[in-house]
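[1] Predicted model, plus sequence, below.
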Amino acid sequence: MRLGLGLNIKTSGGEDWTPAKLSSLLHWYKFDTGITKDGEDDITAWNDQKGSNNLTADGTTANSPLYSSGSVLFNSNNDILTLGTPLDLGKFSLYVRMEASAFDGDFIFEETGSEFIKIHDANNIRMKIAGGSRHDVSDGVSLSADTKFNIGVEREDTAETTDDQIFLFLNNVSKTVGGAGGGTQAITDLLEITTIGKPASDCKFYEIIICNDTLSSSDRTSLNTYLNKI
């Protein structure tokens, strides 16, 4: 496995491109940096490379993900990492580089114990934000086991629109968001991403990027290219 090599996407100024170049970046969790683990490779913390909103385990070894082959591995139904501080975001972008051994109802993120983003099966991703209507994304979704992919959710929050649009990108390809409201849904409660993983099957997380705005097409492409190198 080739990790951390060839991450040489260049900006117009000639510098290497990383998520740190995103002007709206809030939090960034890297596959090879800021991971604290014990002698059994159980992860106790995954530190934020942008701010100070670190992900931490609950102190129970049985609930701790493992550091495995450059990834944060969730291999038990009770594995959990939690953000230290809740998020309160009207508009946002959340991107994850991950893979799974199977797709049978694995949570990617939860919001205060409720579904936020969930891979229902290999052909269906579900989203539900702040207790609102569920939105299914099935158009063109075809995930393969043991294969890395990039999944991103973006939400606009503009004064010009009454209903703010949710977008999902899979490997930088926009997917149709269905469900009540035609994919529109306002966030009126605190958006608190509290859990990463609670999988029934092994899930590996490589990087997580959280921004407080939607991304431009060029930034989205640069981010996808960066993630594909991992």
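    Nice, thanks for sending it over.
[2] tell me the mean pLDDT over stretch 24-44?
    On average, the pLDDT along stretch 24-44 is 93.
[3] can you offset everything so residue one is 47?
    Right, with 47 as the first residue, what we last looked at is stretch 70-90.
[4] Give the buried residues for that stretch.
    Using 16 or more other CB atoms under 10 Å as the test for burial, stretch 70-90 gives L71, L72, H73, W74, Y75, K76, F77, I81, K83, D88, I89, T90. Every residue, glycine included, has its C-beta placed from N, CA and C.
[5] Let me know the helix or strand that the spatially closest residue to the third one that is not a sequence neighbour is in.
    Nearest residue to H73, sequence neighbours excluded (CB to CB, 6 or more residues apart in numbering): I256, at 4.3 Å. In the assignment (DSSP states H and E), I256 maps to strand 249-257.
[6] I165 now?
    Per DSSP H and E: strand 160-167 holds I165.
[7] after that strand comes which helix or strand?
    As assigned by DSSP H and E, the chain's next helix or strand after strand 160-167 is strand 170-173.
[8] Go through that following strand and flag the buried ones.
    Neighbour counts over strand 170-173 (16+ other CB under 10 Å) mark I171, R172, M173 as buried.
[9] how about the residues you listed in CSV, adding distance to S220 and pLDDT?
    Shown next, in CSV, are the buried residues of strand 170-173 (distance: CB to CB, whole Å; pLDDT from 0 to 100):
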residue, distance to S220, pLDDT
I171, 13, 90
R172, 17, 86
M173, 14, 84
